[in-house]
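In: predicted model and sequence follow; I will ask about them next.
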Amino acid sequence: MKLNTLLAFALSVLTPGLSAFGQTPLATGPRESPLLLGAAWYPEQWPESRWDADLALMEAAHINFVRVGEFAWSTMEPKEGEYKLDWLEHAVRAAERHHIAVVLGTPSAAPPAWLTEKYPETLRTMVDGRKDGHGNRQQFDWSDPKYRELAREIAEKMAARFGHDPNVIAWQIDNEYADESYGQSTQKQFDEWLHAKYKTLDNLNARWTTSYWSETYQDWGQIPIEEKYGNPGLLLNWKEFVSDTWRSYQKNQVEVIRAHAEPRQKITTNMMGWFDGYDSYTVAQDLDFASWDDYVGQGQLDPASNGAIHDLTRGFLRKNFWVMETQPGFVNWSPLNNALNKGEVRAMAWNDIGHGAQAVEYWQWRSALNGQEQYHGTLVGPDGTPVPLYDEVKQLGDDFAKAAPVLAGTTVESQVAILHDYNSRWAINWQRHNQQFDPTAALVSFYRPLRRLVRSIDVVSDTAPLSGYKLVVAPALNVLTPEAVQNLEAYVRGGGHLVLGQRSGLKDEDNSLYTQRQPGPLTELLGARVEQFYALQKPVPIEGNWGSGEDAIWAEQIGVKSPETQVLMRYGKSNGWLDGQPAAVTRKVGKGSITYIGAALDEATMKTAAKWMIEESGVAAIMTDLPEDVELSIRSGDGKRVYILTNYGAEAKTVTLPSAMKDVLAGGTVSTVTLSQYGIAVLEATR
């Protein structure tokens, strides 16, 4: 198959027959799914005479796509209305000569000096009221109509020129959405947004309990913007407004690209893992596929916590995703910017693929001679010759060429879901009560032992379809909307097994306390309630069905209200209030069950609890005898089951397989594999 056709297939996000939701079908799409290896390339920073040499080095490393243009507005439009895209056309053609496809980035993340000088109202207003300035990036006001007009115009010019270009396979809108604005334009739009939602001030005042501290509003214009310390209802609505505004900002460009581009050219934007400046489920709705920027920063790769973010990203649109940026060895923005170990970059890429990534792109190919990121890792040096890491990436490119046919049409399938909710994260982070309580850490504390047992987990929103899962875990689901309550109740009554973690069900959709005790509207279903919560000064012992351990951060005293509710764990001697009280309870509901864990379980106890969860829900554990440092990921589809094994330990490990499998990278059929440090095996088994 010709390169352009092959890459075009990749851009429909390589949709297999089954989604991330167990057995829920995805939309139909092309069945072929080559793996893409890419680099961020900035031809505008170098003379055109150098381009072919760079692209030849990329081609030799099996790099088959580049991202271009996302910071090049001043080169594309040096003066207002004066568009110069011939250089970009030359770059696209040069890449094509080297069998390298192109992802075009719209350049709105970095407006040119003429724009910010002529239209100072487009500069964002920072939280302290000062205007941002030119010379960095993301200094624009994402709500400003004039900025949106100018961003739309440059996107439209690009789409009109390249929307039918056979070598352009995708579009990235902007780059790493991050900073909102707090100026008058934003304030006016926020007031209008609130008015549309609440209709009357009486309704808003009642739902926010503004009688507290005499906050009561008599005019929509009296409502301030608060990002951290205001009324909890105001804070939550501000974040929801920010999310909707980023979505409309993005849609402003998506619409003009779709108007000109062929349907095969798909659209994405690069998100940032756990970043919670906006709700990524909201922003992702108008995209064709999700992508994110995967950086370790300081230290070494933690495959479990990194994997949780992959699964989060896969859950935004419930299908395979791209890693649109990742580090070539090291970054430049951590307190200590160590390089990843030899072999670790390749292992990290396979961690991406194992969790459903279809593309891995390195940022960046070659550093600019000046600018704020001179020390960031690259694949070639400023002299244009390869750095030591180049050969490792070249090996990865060879891996991808071998594995692409086998992984075609596959995705991650799971019978276990973990629920993730931005409203709950925001609500807890504004009022942690114990600063050690981190809602994302709480999620990972469940994710880590469960993934070790079942080898694949979906991380999805609390309103996602759940019927395809045997087990659903909701760590710290603090805000329970009516839609989520209905979804969870239906899941349990339909035979599903639901586990709620600490702080779940405390608040409603306005960030107001429920009049019921935790878990709020699910209390009756549970047959128990939280009598009181406690931020812990020192660890509290716990014991019961999951053995003996301790709770070191947060404890909830549970009161049992139904004879059908069973106590699983109790607190030991503590502050008097917790002594002997239930710490975890469960209740069977028909063929399903609901469990509430009020203690922050230590690692060993959580492992035992995770084993209990999968046994109770009927989820099979997979290859539980793997060495501790070996990670297993599984992708399935098209009658295939592909095992990806990676050894993160310092010593070589031998793994006995459940059956003979085809060794995709090394060739042959094997029953055991021996993996050196960062060694990788990709194995195909028939289903």
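Out: Nice, I can see it.
In: which stretches in the stretch 151-300 of the chain count as helices?
Out: 184-198, 201-208, 232-260, 280-283 (DSSP state H, counting those that start in this stretch).
In: and among those, the most buried is which?
Out: Greatest average neighbour count among these goes to helix 280-283 (a mean of 23), per mean count of other CB atoms under 10 Å. Heads up, the C-betas are built off the backbone N, CA and C, glycines and all.
In: can I get that one in CSV? Just the C-alpha atoms.
Out: Extracted in CSV, the C-alpha atoms of helix 280-283 (Å, rounded to 0.1, in the frame of the first residue of the first chain):
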residue,chain,number,x,y,z
SER,A,280,-11.2,17.5,28.6
TYR,A,281,-14.4,15.5,28.1
THR,A,282,-16.1,18.7,27.1
VAL,A,283,-13.3,20.0,24.9
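In: quick one: contacts of that helix?
Out: 177, 240, 243-244, 246-247, 250, 269, 271, 290, 316, 422, 461 (CB atoms under 8 Å, 6 or more residues apart in numbering).
In: kindly indicate which of those residues lies nearest A359.
Out: A290 (11.6 Å; CB to CB).
In: what about the closest one, distance to L55?
Out: Distance, A290 to L55, using CB to CB, to the nearest Å: 28 Å.
In: which of those two has more neighbours?
Out: Counted by other CB atoms under 10 Å, A290 and L55 do not tie: A290 has more neighbours, with 26 against 23.
In: list the contacts for that one?
Out: By CB under 8 Å, 6+ apart, the contact list for A290 reads 268, 271, 280, 284, 313-314, 316-317, 321-322.
In: hmm, back to that, which of the contacts of helix 280-283 sits closest to R148?
Out: Among the contacts of helix 280-283, Q250 lies closest to R148 (CB to CB), at 10.4 Å.
In: my guess is that closest one contacts D286, does it?
Out: Yes: contact between Q250 and D286 holds when scored by CB atoms under 8 Å: they sit 6.4 Å apart.
In: does A528 touch P563 like I think?
Out: No: using CB under 8 Å, A528 makes no contact with P563, being 11.2 Å away.
In: name the residue in those two with the higher neighbour count.
Out: Shown here are A528 and P563; by other CB under 10 Å, A528 has more neighbours (28 against 8).
In: and that one, how far is that from S593?
Out: If you go by CB to CB, the gap between A528 and S593 works out to 13 Å.
In: so what sits against both of the two?
Out: With CB under 8 Å, 6+ apart as the test, A528 and S593 both reach R587.
In: immediately after the lowest-mean-pLDDT helix or strand in the chain, which helix or strand?
Out: Ranked by mean pLDDT, DSSP states H and E, the weakest helix or strand in the chain is helix 3-10, scoring a mean of 44. Scanning forward in sequence from helix 3-10 by DSSP states H and E, the next helix or strand is strand 36-40.
In: what's the first helix or strand after that following strand?
Out: Using DSSP H and E, the helix or strand that follows strand 36-40 in sequence is helix 48-60.
In: what's the offset of that next one from the middle of its chain?
Out: Offset of helix 48-60 from its chain centre (CA atoms, centre = their mean, to the nearest Å): 32 Å.
In: so it versus strand 36-40, what angle?
Out: Helix 48-60 and strand 36-40 are oriented at 150 degrees to each other (axes from the mean of the first three to the mean of the last three CA atoms, to 10 degrees).
In: any idea how far the closest residue to V387 other than its chain neighbours lies from A441?
Out: Sequence neighbours aside, G381 is the residue nearest to V387 in space, at 5.5 Å (criterion: CB to CB, 6 or more residues apart in numbering). Using CB to CB, G381 is found at 38 Å from A441.
In: swap in I173?
Out: 31 Å.
In: which of these two has more neighbours?
Out: A direct count of neighbours by other CB under 10 Å for I173 and A441 places I173 higher, at 26 against 15.
In: thought that one was touching R258?
Out: No: taking contacts as CB under 8 Å, I173 lies outside contact range of R258: 11.4 Å.
In: any shared contact partners between the two?
Out: By CB under 8 Å, 6+ apart, the residues touching both I173 and R258 are I267.
In: so the residue nearest to V387 makes contact with R366?
Out: Yes: the pair G381 / R366 is scored as a contact, 7.5 Å apart, by CB under 8 Å.
In: okay, these two: which has more neighbours?
Out: R366 (23 against 12).
In: nearest residue to K573 other than its sequence neighbours?
Out: Leaving aside its chain neighbours, K573 sits nearest to D579 (5.3 Å; criterion: CB to CB, 6+ apart).
In: identify the residues contacting the one residue sitting closest to the centre of the chain.
Out: Centre of the chain computed as the mean C-alpha position; nearest residue by CA atoms, centre = their mean is T313, 3.3 Å away. T313 sits next to 271, 273, 290-292, 321 when contact means CB under 8 Å, 6+ apart.
In: wait, which of those residues is closest to F400?
Out: Nearest to F400 out of the contacts of T313 is F321 (CB to CB; 16.1 Å).
In: from D288, how far out is that closest one?
Out: Distance, F321 to D288, using CB to CB: 11 Å.
In: and the two? Which one has more around it.
Out: F321 (29 against 20).
In: ok, T608 - how many residues close by?
Out: The burial count for T608: 16, using other CB under 10 Å.
In: going forward, begin numbering at 9 instead of 1
Out: Sure thing, new numbering starts at 9, so read that last one as T616.
In: and the nearest residue to D319 once chain neighbours are set aside, what are its bridge partners?
Out: With sequence-adjacent residues excluded and distances taken as CB to CB, 6+ apart, D319 is closest to V467, at 4.2 Å. Following DSSP bridges, V467 is listed with bridge partners I426.
In: how near is V467 to W254?
Out: Distance of V467 to W254, given as CB to CB: 21 Å.
In: cool, P240 as well?
Out: For P240, the distance to W254 (CB to CB) stands at 22 Å.
In: who's in contact with stretch 225-236?
Out: Contacting residues not belonging to stretch 225-236 are listed as 135, 190, 194-195, 198-200, 202-203, 209, 212-213, 218, 238, 242-243, 246, 438 [CB under 8 Å, 6+ apart].
In: just the strands in the stretch 509-658 of the chain please.
Out: Under the criterion DSSP state E, counting those that start in this stretch, the stretch 509-658 of the chain contains strands at 536-543, 548-552, 555-568, 573-579, 590-597, 600-605, 607-609, 638-645, 648-655.
In: which elements pack onto the fourth one?
Out: The elements that strand 573-579 packs onto, with contact taken as 3 or more CB pairs under 8 Å, 6 or more residues apart in numbering; DSSP states H and E, are strand 548-552, strand 555-568, strand 590-597.
In: the second one pairs with which strands, and in what direction?
Out: Sheet pairing for strand 555-568, assigned by DSSP bridges, gives strand 536-543 (antiparallel), strand 548-552 (antiparallel), strand 607-609 (antiparallel).
In: what about those, which gets the closest to D407?
Out: strand 607-609 (38.0 Å).
In: surely F324 and D294 touch.
Out: No: using CB under 8 Å, F324 is not in contact with D294; the gap is 11.6 Å.
In: who has more neighbours, the two?
Out: Counted by other CB under 10 Å, F324 and D294 do not tie: F324 has more neighbours, with 26 against 17.
In: what's the distance between that one and E639?
Out: F324 is 23 Å from E639, by CB to CB.
In: now swap in Y370 and tell me
Out: Distance from Y370 to E639, by CB to CB: 21 Å.
In: who has more neighbours out of these two?
Out: Set Y370 next to E639 and count neighbours by other CB under 10 Å: Y370 wins out with 25 against 21.
In: thank you kindly, that will do.
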